[in-house]
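K.L.:
quick one, fold the following:
(4 chains)
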Protein chains: 2
Amino acid sequence: MKITIKDIAKEAGVSVATVSNVLNGTGRVSEETAKRIRRIMEERNFVPSTLARGLKNKNTQLISVIVPYLKRGNFEENPFFWQLISGVEMGTKDQEFNVMLTRVDRDNDLSFVRMHNVDGLIVVGIDAGSELYRSILDLKIPTVFMDSYIDQPGIYQVHNDDLLGGYLGTKHLISLGHTRIAVVAGSLSGRGVDYQRLLGYKKALAEAGLAYDERLVLENGGTMLGGYHAAQKIFSLPEQVTAAFVLSDIGAMGLIKGLNEMGKRVPEEISVVGYDDIFYTEYMIPSLTTIRQDIFKKGKTAAGLLLAQINGEPLPDANVLLPVELKVRASTARVL
Amino acid sequence: MKITIKDIAKEAGVSVATVSNVLNGTGRVSEETAKRIRRIMEERNFVPSTLARGLKNKNTQLISVIVPYLKRGNFEENPFFWQLISGVEMGTKDQEFNVMLTRVDRDNDLSFVRMHNVDGLIVVGIDAGSELYRSILDLKIPTVFMDSYIDQPGIYQVHNDDLLGGYLGTKHLISLGHTRIAVVAGSLSGRGVDYQRLLGYKKALAEAGLAYDERLVLENGGTMLGGYHAAQKIFSLPEQVTAAFVLSDIGAMGLIKGLNEMGKRVPEEISVVGYDDIFYTEYMIPSLTTIRQDIFKKGKTAAGLLLAQINGEPLPDANVLLPVELKVRASTARVL
DNA sequence: GCAGTTAGATTAAACGTTTAATCAAAATGG
DNA sequence: CCATTTTGATTAAACGTTTAATCTAACTGC
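P.N.:
Next comes the predicted model:
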């Protein structure tokens, strides 16, 4: 049924080794024979089995993106991840790698990596203190970490400048006259992206001579629903805030909806800044002021780093920091 | 390095065949030996190589979802696909299948299927007249088609009741007093979902004694931007419409944004109905009246059908029709 | 006590590649 | 013209499994 190297060899009247050699450009094969073999492969529509190849030389052209601990829905609702994965996919395509989708649950089960002999891993937003992190390192396969701020040498990492992002968003609000600015973070446990962004927030406050008030910092789990519920919380704060910096666009979407239902007008009564610049920001009503990070590019960069690692190429930099940018749209306004 | 069946065999003092037998529950192995082997496998954290397995018995526990011809961005922006893929993933997980992500471009390159010995395919929204469709059938591997309305026996298919969806959305608008209802379809070439939904639209019109006016039917390519641009088009129609039925929520999002910018108020001046019920419908402003199809379930169903096919189980039905439901929210109102 | 069955294992081939080790013939050089 | 090198190929082992074919010893029934 399936056409193998053996069939090609027989038809060309050579040994399988010769076919393998033209396939890989190894060994010595006369141009004449090579041409003939190539023609036959073309005709017969031959595709070498990655399985057999992988078995022999331990590579499968398969990489996997791991997004730890995200509950169902929680993962799907956030375009961030999809843009990321899409970027990864694009970054691997030219080298004929394929991307396997894997959600790793609390069970920390990574057996799929060895089962499928995955060549490399891209891990998003993991806590360096977690058991999963240890397990991943134990696999000893090429890995690129993303959005994890791991403080350990020899680890390949990709980040956007989260501190700067936190700073820019806050500064923008301050420049509009806001002084009481709530922060709605996804999760502040660990030393991840939100922690960095909060550092940026603090920095901007300090620069403007404003005091940091931790009561203004909320957590929403990075979900729409969390953002939605944050609306009420924001108005039960000790002192009235005039702006909110939500550390995900998805959360901002929920928050604005909540505010809307409470009769609070954005941006007239309260300004909102998001984070990520997902597809929908321009289409939201009002369109969302946000911190843009090029997620697609981030995915592509991580893929590049991973493939270089897999191919044993010398890496220019093991720690890539990508830029962020403030996108001012209609959800922020000068304070009255 | 990697621990194989051979290592287990040696440690247990048996042959590899015996280990393989306890692994698969085949052959005859005394309970005593089996226990010992199982313990050693546990201790050594043994994971059998899917590669070697696949090579021997031609299955790889790998399936692939194919979404044909979607341009970059166009794919990522629509949560429909992610929900679908997520559903597929969930539907395969218990059987230890993994999902490979593959975007097939105009080049119709399906070589990854044979390269990785993919066990089965889920194909979304393909045109039965296309070359790609032929190529897929030529692969002769288990396949489930989704949203494709293929008129050919022996093909496994999953749909939501698109005709009913088109009917319900239209009827809802009619019941609110609307008589001039624009349709913004993604693409009406071919006999796909939008065609079916349009049939439903026509049916509802006919039932209400309203004439079908094809000038009211627009195409937006199923994108946000397309929906956005449709806003102007709608107001250049020969006669004023009071409602729009957009055949994707994403498109509706764009349309509402466009209307908003034109100073048209939704739903006061124009009602909008979407289609899909993606995550964001409840969070949109106004929240979107739409036709709900359980996309996640659709993915899961397709996965079930595919796995049954792969496992050679008798299939209850090769043509599954899932229900749809009208979700009335805030984007539709009685005509003035 | 013996033929026949059964339980519990082993052997070896096969899956589709790659690759190191060989080999034969042709080309080269002095 | 012979020894050496080069060219163009082949052979065979290996990768980690599965599985049909065997084999041996123990058990069964009469």
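
K.L.:
low pLDDT regions in the stretch 51-200 of chain A?
P.N.:
Residues of the stretch 51-200 of chain A that meet the criterion pLDDT under 70 lie in A:69-73.

K.L.:
who are the contact partners of residue A:41?
P.N.:
A:8, A:19, A:23 (CB atoms under 8 Å, 6 or more residues apart in numbering or on different chains). In short, each C-beta sits where N, CA and C put it, glycine included.

K.L.:
contacts only, for the first one.
P.N.:
Residue A:8 makes contact with A:19, A:37, A:40-41, A:44, A:46 under the criterion CB under 8 Å, 6+ apart.

K.L.:
could you measure from the most centrally placed residue in chain A over to residue A:75?
P.N.:
Nearest to the mean C-alpha position of chain A, by CA atoms, centre = their mean, lies residue A:84 at 4.4 Å. Using CB to CB, to the nearest Å, we find residue A:84 at a distance of 11 Å from residue A:75.

K.L.:
neighbours of whatever residue of the stretch 201-336 of chain A ends up closest to DNA strand D, how many?
P.N.:
Taking CB to the nearest atom of the strand, DNA strand D has its nearest neighbour within the stretch 201-336 of chain A at residue A:310, 18.4 Å off. Counted with other CB atoms under 10 Å in any protein chain shown, the neighbours of residue A:310 add up to 18.

K.L.:
and if you look at residue A:175?
P.N.:
12.

K.L.:
returning to what we had before: among the contacts of residue A:8, name the ones in helices.
P.N.:
Judged by DSSP state H, the contacts of residue A:8 include A:19, A:37, A:40-41, A:44 as members of helices.

K.L.:
need the contacts of residue A:41 in JSON lines with pLDDT and distance to DNA strand C, can you?
P.N.:
Formatted as JSON lines, these follow (pLDDT from 0 to 100; distance: CB to the nearest atom of the strand, whole Å):
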{"residue": "A:8", "pLDDT": "96", "distance to DNA strand C": "8"}
{"residue": "A:19", "pLDDT": "96", "distance to DNA strand C": "7"}
{"residue": "A:23", "pLDDT": "95", "distance to DNA strand C": "5"}
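
K.L.:
who wins for neighbours among the contacts of residue A:8?
P.N.:
Highest neighbour count within the contacts of residue A:8, by other CB under 10 Å: residue A:19, with 28 neighbours.

K.L.:
gap between that residue and residue A:39?
P.N.:
12 Å.

K.L.:
check residue A:244 too.
P.N.:
66 Å.

K.L.:
between these two, tell me which one has more neighbours.
P.N.:
residue A:244 (30 against 11).

K.L.:
in three-state terms, label the residue nearest to that one when sequence neighbours are not counted for me.
P.N.:
Spatial nearest neighbour of residue A:244, chain neighbours left out: residue A:182 (4.4 Å); criterion: CB to CB, 6 or more residues apart in numbering or on different chains. Assigned by DSSP: H, G, I helix; E, B strand; the rest coil, the conformation of residue A:182 is strand.

K.L.:
burial count for residue A:182?
P.N.:
Residue A:182 has 24 nearby residues by other CB under 10 Å.

K.L.:
repeat that for residue A:90.
P.N.:
So residue A:90, with other CB under 10 Å, has 17 neighbours.

K.L.:
what does the helix or strand encompassing it contact?
P.N.:
Residue A:90 is located in helix A:79-93, with elements delineated by DSSP states H and E. Residues from elsewhere that reach helix A:79-93, judged by CB under 8 Å, 6+ apart: A:63, A:65, A:67, A:70, A:75, A:98-99, A:101, A:122, A:124, A:146, A:248, A:250, A:276, A:278-280, A:295-304, A:306-307, B:72, B:75-77, B:79, B:82, B:101, B:103.

K.L.:
tilt between it and helix B:79-93?
P.N.:
Here helix A:79-93 points in a direction 80 degrees away from that of helix B:79-93 (axes from the mean of the first three to the mean of the last three CA atoms, to 10 degrees).

K.L.:
quick check: angle from the following helix or strand past helix A:79-93 to strand B:98-104?
P.N.:
Using DSSP H and E, the helix or strand that follows helix A:79-93 in sequence is strand A:98-104. Interaxial angle, strand A:98-104 versus strand B:98-104 (the same axes, to 10 degrees): 140 degrees.

K.L.:
could you dump the contacts of residue A:8 into TSV and include distance to residue A:205?
P.N.:
Converted to TSV, the contacts of residue A:8 look like this (distance: CB to CB, whole Å):
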residue	distance to residue A:205
A:19	68
A:37	69
A:40	70
A:41	65
A:44	68
A:46	64
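
K.L.:
between those, which sits nearest residue B:233?
P.N.:
Sorting those by distance to residue B:233 puts residue A:46 at the head of the list, at 49.7 Å, by CB to CB.

K.L.:
residue A:2 is in contact with that closest one, correct?
P.N.:
No: Residue A:46 is not in contact with residue A:2 according to CB atoms under 8 Å; the separation is 9.6 Å.

K.L.:
chain B contacts on the stretch 1-150 of chain A?
P.N.:
Within reach of chain B by CB under 8 Å from any CB of the partner chain, the stretch 1-150 of chain A has these residues: A:2, A:47-52, A:54-55, A:60-62, A:72-73, A:75-77, A:79, A:82-83, A:85-86, A:89-90, A:98-103, A:111-112, A:114-117.

K.L.:
if we go to 6 Å?
P.N.:
A:47, A:50-52, A:54-55, A:76-77, A:82-83, A:86, A:98-101, A:111-112, A:114-117 (CB under 6 Å from any CB of the partner chain).

K.L.:
filter the residues you listed down to the ones near DNA strand C?
P.N.:
Restricting the residues of the stretch 1-150 of chain A next to chain B to those touching DNA strand C (CB under 7 Å from any atom of the strand) yields A:47, A:51-52, A:55.

K.L.:
considering these, which possesses the most neighbours?
P.N.:
residue A:51 (23 neighbours).

K.L.:
dump stretch A:315-331 to PDB, restricted to CA.
P.N.:
Taking C-alpha atoms only, stretch A:315-331 is exported to PDB below (Å, rounded to 0.1, in the frame of the first residue of the first chain):
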ATOM      1  CA  LEU A 315      22.500  30.900  19.300                       C
ATOM      2  CA  PRO A 316      22.900  34.700  19.100                       C
ATOM      3  CA  ASP A 317      21.100  35.200  22.300                       C
ATOM      4  CA  ALA A 318      19.500  32.900  24.800                       C
ATOM      5  CA  ASN A 319      17.400  35.600  26.300                       C
ATOM      6  CA  VAL A 320      15.300  37.600  23.900                       C
ATOM      7  CA  LEU A 321      13.400  40.700  25.000                       C
ATOM      8  CA  LEU A 322      10.800  42.000  22.500                       C
ATOM      9  CA  PRO A 323       9.400  45.500  22.600                       C
ATOM     10  CA  VAL A 324       6.000  46.700  23.700                       C
ATOM     11  CA  GLU A 325       4.100  49.700  22.600                       C
ATOM     12  CA  LEU A 326       1.400  51.900  23.900                       C
ATOM     13  CA  LYS A 327      -1.700  51.900  21.700                       C
ATOM     14  CA  VAL A 328      -3.900  54.800  22.600                       C
ATOM     15  CA  ARG A 329      -7.500  54.300  21.500                       C
ATOM     16  CA  ALA A 330     -10.900  55.400  22.900                       C
ATOM     17  CA  SER A 331     -11.100  53.800  26.300                       C
END
